[in-house]
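Novice: here is a sequence with its predicted model. Questions after.
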Amino acid sequence: MPIGRTFNVVGAHCAGEVCDVVVGGVLDVPGKTMYEKMRHLWTKADGLRNLLMNEPRGSSAMCVNLVLPPTNPEANAGFVIMEHEEYPPMSGANTIATATVLLETGMVPMQEPITNLTLDAPAGLVKVTAECESGKCKFVEFQNVPAFVFGLDIEVSVSGFDQPIKVDVAWGGMIYTLVDASSVGLDINSANGRQLVDIGERIKKAVQEQTDFVHPENPGIRGVTVLEFTGSLKDEGSYKSALNTVVVSPSRLDRSPCGTSTCARLAVLHKRGLLRENEPLHHIGIVGTKFIGHVRGTTKVGEYDAVIPSVKGSAWITAFKQVILHPTDPFPEGFRIGDKWNV
């Protein structure tokens, strides 16, 4: 009896966010760079993302990473990140999860107590340091692509608000708009999840309509695609701490503290003079998990002053599974229903 297409998937979560990793079933994708491979998937082979992430195989609260051969000889492996509405050039939680899977399954040899590896992401090369013990990646720290601020205190008009709302816009591997949650009358907690999502989507839409930021080194990366609500910054003595939550389309909250948003916030805090180089930021997400971020140095990206950010967190393997598409299956790209998917 024919089975059809099969994909070998390692289930994983990073700080609560589902970040599954496809390790078999796709030999390679056309493209000379990982960014070109990402664009090929997005524009010519998006059925794979829909199959893996839509119901009945997927869910509205998950990400998927596709491991591919690297395009850069400096990298140990390449990967493309899939979310429901886009292919992000970079994702911190997915980097941590992918590195954990590669090492704990032996696809990349693990060295205890420290393994150094390089991942080829669509945004560029990502340096990873994994703290390993007894076959487990206890912590994974990655040095991201440089992060920088497009603008601070940008006023945008948002439906439902009498006064303009001030936002910051920054690149941390994706183009973020950052909003102080208290400025729109919200606390960052699970009970306010629906309000955070609804207001966040409205603000993001307004920013998209009223601004047009373009990455100075890659014009294909254009416009805000994701929103971060920020909590107040607290001085804990030896480190700073803050709550945050990220609104991910379609209308959900990232379960992790979000790595790229942490990088964007590092850039904003450093720009405002609120965080020094090598001063830790404990960034806490909606379920109480934590990433630790640092500004490791400064550089330039085009005309923008930029920081070199690092983020540290942990991931866990949750499953080993085969995803199957039988030739007679009526849902080769799955489906979305409005009760969960905001369609």
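Specialist: Looks like it came in fine. Residues are numbered from 1 along each chain as shown.
Novice: which residue ranges form the helices in the stretch 101-250 of the chain?
Specialist: For the stretch 101-250 of the chain, applying DSSP state H, counting those that start in this stretch gives helices covering 193-210.
Novice: how far off centre is stretch 200-214?
Specialist: What separates the centre of stretch 200-214 from the centre of its chain is 19 Å, taken as Cα atoms, centre = their mean, to the nearest Å.
Novice: just stretch 147-157 next, same as before
Specialist: Worked out by Cα atoms, centre = their mean, stretch 147-157 lies 20 Å from the chain centre.
Novice: so what's the most centrally placed residue in the chain up against?
Specialist: Geometric centre of the chain, nearest residue: Ser91, 2.8 Å, by Cα atoms, centre = their mean. By Cβ atoms under 8 Å, 6 or more residues apart in numbering, the residues touching Ser91 are Cys19, Cys63, Ile81, Glu83, Gly173, Met174, Gly259, Thr260. Every C-beta, even on glycine, is put in place using the N, C-alpha and C of the backbone.
Novice: ok, now how distant is it from Ser256?
Specialist: Distance of Ser91 to Ser256, given as Cβ to Cβ, to the nearest Å: 10 Å.
Novice: for the stretch 1-150 of the chain, which spans come out with low pLDDT?
Specialist: The stretch 1-150 of the chain contains residues with pLDDT under 70 at 1-2.
Novice: let me see the ranges of the strands in it.
Specialist: Secondary structure of the stretch 1-150 of the chain (DSSP state E, counting those that start in this stretch): strands located at 5-14, 17-24, 63-68, 77-82, 114-121, 124-133, 136-143, 147-156.
Novice: what inclination does the fifth one have with respect to strand 63-68?
Specialist: Using axes from the mean of the first three to the mean of the last three Cα atoms, to 10 degrees, the inter-axis angle of strand 114-121 relative to strand 63-68 is 90 degrees.
Novice: domain map for this structure?
Specialist: The chain breaks down by automatic domain parsing into domains covering 5-144+317-341, 147-312.
Novice: contacting residues around the closest residue to Met38 other than its chain neighbours?
Specialist: Nearest residue to Met38, sequence neighbours excluded (Cβ to Cβ, 6 or more residues apart in numbering): Pro122, at 4.2 Å. Listed by Cβ under 8 Å, 6+ apart, the contact partners of Pro122 are Thr33, Met34, Tyr35, Lys37, Met38, Val80, Ile81, Tyr87, Pro88, Pro89, Met90.
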